[in-house]
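Student: sharing a sequence plus its predicted fold:
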2 protein chains.
Amino acid sequence: MVTMTEVAQAAGVSVSTVSHVVNGTRLVAPKTRERVVRAMRVLGYEHHPIARSLAAGSNRTIGLALTAASNPYWVELIQGIDGEATRAGLNLIIVDTRDDARHESVAIANLLAHHVEGLVIAPADGWRDLTLPLLRDRPVPYVVVDRIDPELRVDQVGVENEASTAAIVDHLISRGHRRIGLVAGIPGLSTSAERLRGYHLAHQRAGLAVDPALIVDGASTSDGGRKGTFALLDLPDPPTAVFAANNNMTIGTLAALKAAGIKVPRDLAVAAFDDFAWADLFSPGLTTVAQPSTAIGARAVQLLLRRMHDPDAPPQTVRLPAEIIHRESCGCPAKP
Amino acid sequence: MVTMTEVAQAAGVSVSTVSHVVNGTRLVAPKTRERVVRAMRVLGYEHHPIARSLAAGSNRTIGLALTAASNPYWVELIQGIDGEATRAGLNLIIVDTRDDARHESVAIANLLAHHVEGLVIAPADGWRDLTLPLLRDRPVPYVVVDRIDPELRVDQVGVENEASTAAIVDHLISRGHRRIGLVAGIPGLSTSAERLRGYHLAHQRAGLAVDPALIVDGASTSDGGRKGTFALLDLPDPPTAVFAANNNMTIGTLAALKAAGIKVPRDLAVAAFDDFAWADLFSPGLTTVAQPSTAIGARAVQLLLRRMHDPDAPPQTVRLPAEIIHRESCGCPAKP
DNA sequence: AGGCTTTGCGCAAAGGCTTGCGCAAAGCAC
DNA sequence: GTGCTTTGCGCAAGCCTTTGCGCAAAGCCT
């Protein structure tokens, strides 16, 4: 391995000069710099980030903690975060929380042990008791993505769950539906609560009462969605439309409808939160709420950078708008 | 921050003893150890992995280079890799190659600059010219996943593309199909070539000639799959069955069929490489080849560990079997 | 009791880089 | 030509651990 010392010797300067050339930390006379650069090239010098981290007390690394569950949403979020981090010259380390607060807290402890300079977290249910204390104890800045907690005074980025859910339920109501089933996510997640509020809001705006029987727990999973949907179908007075509150539950819902031999949208209208690559190919095409996942990730890093730079800035909660993609499952005619 | 030195002072021992207690590197008398442990707890000592890396000349980190394109296959692969790496006490850094050899080479240079101790790579088309030279120059061990190159004497892990493709084409032939379209992936990828060989192999075994017009380029993307499928439908003598050689192209193929108003499997049978979470819900259910993605990732790390431990071990190519999941799109009757 | 092996620890160098401080040379104004 | 300000660099301490070497104490043998 080629060290700065060797480069310095070859160039006939001191290591500090080499360091300053490498980092642009201070003025170096053009010809001196040239000699150093040449020596680096000739010797094949490569910077040693570990040593730099130790010496500079900084490692330009941020951590990302989320569930690695197979969900396209996370892929795009990671892309957004990675892209923005790279742009800022930050490295990214990803750990899997398995969407479990226990695992989450050890994963994050791990990240902290690696002295990351910032964190992006998609917290699991129960994180306030297990994970949050870890963070509160130290000066490491962090931002929360996806699961926004309005009671927390921290930087957060997510999607407009309530407004977009309300909008899509509005749409179903406007098409004449009066009994709209909701397959809701894990109660402990703020996203679930917000989407539920959106559901209520739309009813309220339309002057409709909400029948609690129409709200079933889908546990945020495909299987939960399937079971919840069956429960809806078994009601004495079943819904004429169903809204599945995330992509996994949507899969379960569709599976249940298929199994029950129900035709969409003839027998039942369907709409869902989270878009799919294949939403188009379904017959009928699925009407969905598409999140700007990549943008959410990018924004999270921007907030993190701001906080790393200015630890005392007021906490900021950013809500990005979702896009409603009208296809045919809601009962609308197909568009060319 | 609490350093070893402080712990050592508090415990009345030297830093070396603290280090040995922390790492279990040598015998420490029980009561001495006890004093040290207590001091660590009292002071809230935390290990400093960066300093350790520098001192030990090792950072227990491996790199993963693949495309972060939104493909569920990668998610599961990453899970497999991460799980196995964690088990081995290794950290994982992921970089995005964008499936482009140019980007790949800079991404990997980046990883190398971080002095990772091993690499897992899902190489992009053209990597032999751009990326491989980077690796050849240095002693860093690496293993290739997914895209196996038989001419390379390196550790590789992938799926049995040829055999499983042949098996599924066999199946289509056995159901009476004589003109089977193939929507093939990027020609530069070995997976594409192998799946193509499997297609040929099945024909050969059945004593059928392959009509080259039935093989279209789907560019491994959804859009390419759509175009390729349209090309097949436009043939004077169109196929009676289509095999799409990866998940993205399958989406394109299904979109094309939907647009053309073709009923599956009545008008055309369909089978595809890569399983989907939603393959079941399609009407008809999609018959697919499911890869053991997680297992592939885990195996890759195992090979890597072996090579890190024994750099001169003979290179090994591992092929994991795929599972064919029979649903109805191939024309088989639905199973309960 | 004297010599020899264990057992347990400390010392100090090493690892590669950053950076505050201070010195020298160059540039400038008068 | 003198004195002052820039500009350019080097010195060396410091970041926190790891680890080879060697010393001392304790235990064993005869």
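Tutor: Now that the structure is in, tell me what you want to look at.
Student: quick check: phi and psi at the residue nearest to A:Q291 when sequence neighbours are not counted.
Tutor: Nearest residue to A:Q291 in three dimensions, chain neighbours excluded: A:V159, at 4.7 Å (CB to CB, 6 or more residues apart in numbering or on different chains). Every residue, glycine included, has its C-beta placed from N, CA and C. As for A:V159, its main-chain torsions (degrees, to the nearest 10) stand at phi -110, psi 160.
Student: and if you look at A:I62?
Tutor: Dihedral angles (degrees, to the nearest 10) for A:I62: phi -120, psi 160.
Student: okay, now it: neighbour count?
Tutor: 26 (other CB atoms under 10 Å in any protein chain shown).
Student: ok, the residue nearest to it when sequence neighbours are not counted - how many residues close by?
Tutor: Distances taken as CB to CB, 6+ apart place A:G118 nearest to A:I62, at 4.2 Å, with adjacent residues excluded. Using other CB under 10 Å, the number of residues around A:G118 comes to 22.
Student: try A:R60
Tutor: Neighbours of A:R60 (other CB under 10 Å): 16.
Student: how about the residue lying closest to it once chain neighbours are set aside, what does it touch?
Tutor: Among residues not flanking A:R60 along the chain, A:L90 sits closest, at 5.5 Å (CB to CB, 6+ apart). Shown in contact with A:L90 (CB atoms under 8 Å, 6 or more residues apart in numbering or on different chains): A:60-62, A:117-118, A:301.
Student: pLDDT value on the residue nearest to A:Q291, please?
Tutor: The model reports A:V159 with a pLDDT of 96.
Student: so it sits right up against A:L320, yeah?
Tutor: Yes: assessed by CB atoms under 8 Å, A:V159 is found in contact with A:L320 at 5.5 Å.
Student: who has more neighbours, these two?
Tutor: Using other CB under 10 Å as the criterion, A:V159 and A:L320 rank with A:V159 on top: 28 against 15.
Student: any idea how far A:G188 is from A:E162?
Tutor: Per CB to CB, to the nearest Å, A:E162 is found 17 Å from A:G188.
Student: and if you look at A:T17?
Tutor: Relative to A:G188, A:T17 is positioned 57 Å away (CB to CB).
Student: measure stretch A:18-31 end to end?
Tutor: Start-to-end span of stretch A:18-31 (CA to CA, to the nearest Å) is 13 Å.
Student: mind listing what's buried in that stretch?
Tutor: A:18-22, A:28 (16 or more other CB atoms under 10 Å in any protein chain shown).
Student: can you give the distance of it from its chain's centre?
Tutor: Distance of stretch A:18-31 from its chain centroid, counting by CA atoms, centre = their mean, to the nearest Å, is 40 Å.
Student: ditto for stretch A:164-184
Tutor: 25 Å.
Student: pLDDT at A:A334, what is it?
Tutor: Per-residue confidence (pLDDT) for A:A334: 69.
Student: meant to ask about A:V13, not that
Tutor: 92.
Student: could you say which helix or strand contains the residue of the stretch 201-336 of chain A found nearest DNA strand C?
Tutor: Nearest residue of the stretch 201-336 of chain A to DNA strand C: A:M308, at 15.2 Å (CB to the nearest atom of the strand). Element membership for A:M308 (DSSP states H and E) is helix A:293-309.
Student: got the contact list for that helix?
Tutor: Applying CB under 8 Å, 6+ apart, the contact partners of helix A:293-309 are A:62, A:73, A:76-85, A:88, A:90, A:117-120, A:141-143, A:145-146, A:155, A:157-159, A:313, A:316, A:318, A:320.
Student: out of the residues you listed, which are inside strands?
Tutor: Those of the contacts of helix A:293-309 mapping onto strands are A:62, A:118-120, A:142-143, A:145, A:155, A:157-159, A:318, A:320, per DSSP state E.
Student: kindly reformat those residues as JSON lines containing distance to A:D237.
Tutor: Conversion of the ones in strands among the contacts of helix A:293-309 to JSON lines gives the following (distance: CB to CB, whole Å):
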{"residue": "A:I62", "distance to A:D237": "51"}
{"residue": "A:G118", "distance to A:D237": "51"}
{"residue": "A:L119", "distance to A:D237": "48"}
{"residue": "A:V120", "distance to A:D237": "45"}
{"residue": "A:Y142", "distance to A:D237": "47"}
{"residue": "A:V143", "distance to A:D237": "45"}
{"residue": "A:V145", "distance to A:D237": "39"}
{"residue": "A:D155", "distance to A:D237": "45"}
{"residue": "A:V157", "distance to A:D237": "40"}
{"residue": "A:G158", "distance to A:D237": "35"}
{"residue": "A:V159", "distance to A:D237": "32"}
{"residue": "A:V318", "distance to A:D237": "41"}
{"residue": "A:L320", "distance to A:D237": "37"}
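Student: would you map the strands across chain A?
Tutor: Assigned by DSSP E, chain A shows strands spanning A:61-66, A:91-96, A:118-121, A:142-145, A:155-159, A:180-184, A:215-217, A:241-244, A:269-273, A:287-290, A:317-320, A:323-325.
Student: can I get the ones you listed in CSV including distance to A:L208?
Tutor: CSV is the format used below for those (distance: least, CB to CB, whole Å):
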stretch, distance to A:L208
strand A:61-66, 36
strand A:91-96, 42
strand A:118-121, 37
strand A:142-145, 33
strand A:155-159, 25
strand A:180-184, 9
strand A:215-217, 14
strand A:241-244, 12
strand A:269-273, 16
strand A:287-290, 20
strand A:317-320, 26
strand A:323-325, 20
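Student: kindly reformat the contacts of A:L90 as TSV containing pLDDT and distance to A:T288.
Tutor: Converted to TSV, the contacts of A:L90 look like this (pLDDT from 0 to 100; distance: CB to CB, whole Å):
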residue	pLDDT	distance to A:T288
A:R60	85	38
A:T61	85	36
A:I62	90	31
A:E117	90	37
A:G118	93	32
A:V301	96	26
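Student: and A:Q9, how many neighbours does it have?
Tutor: Neighbours of A:Q9 (other CB under 10 Å): 15.
Student: list the residues that contact the residue lying farthest from the centre of chain A.
Tutor: For chain A, the residue at maximal distance from the C-alpha centroid (CA atoms, centre = their mean) is A:G12, at 50.6 Å. Neighbouring residues of A:G12 by CB under 8 Å, 6+ apart: A:R35.
Student: now swap in A:M1 and tell me
Tutor: Listed by CB under 8 Å, 6+ apart, the contact set of A:M1 reads A:46, A:48.
Student: need the residues of chain A near DNA strand C, please.
Tutor: A:1, A:3-5, A:15-16, A:19-20, A:22-23, A:25, A:47-48, A:51-52, A:54-56 (CB under 7 Å from any atom of the strand).
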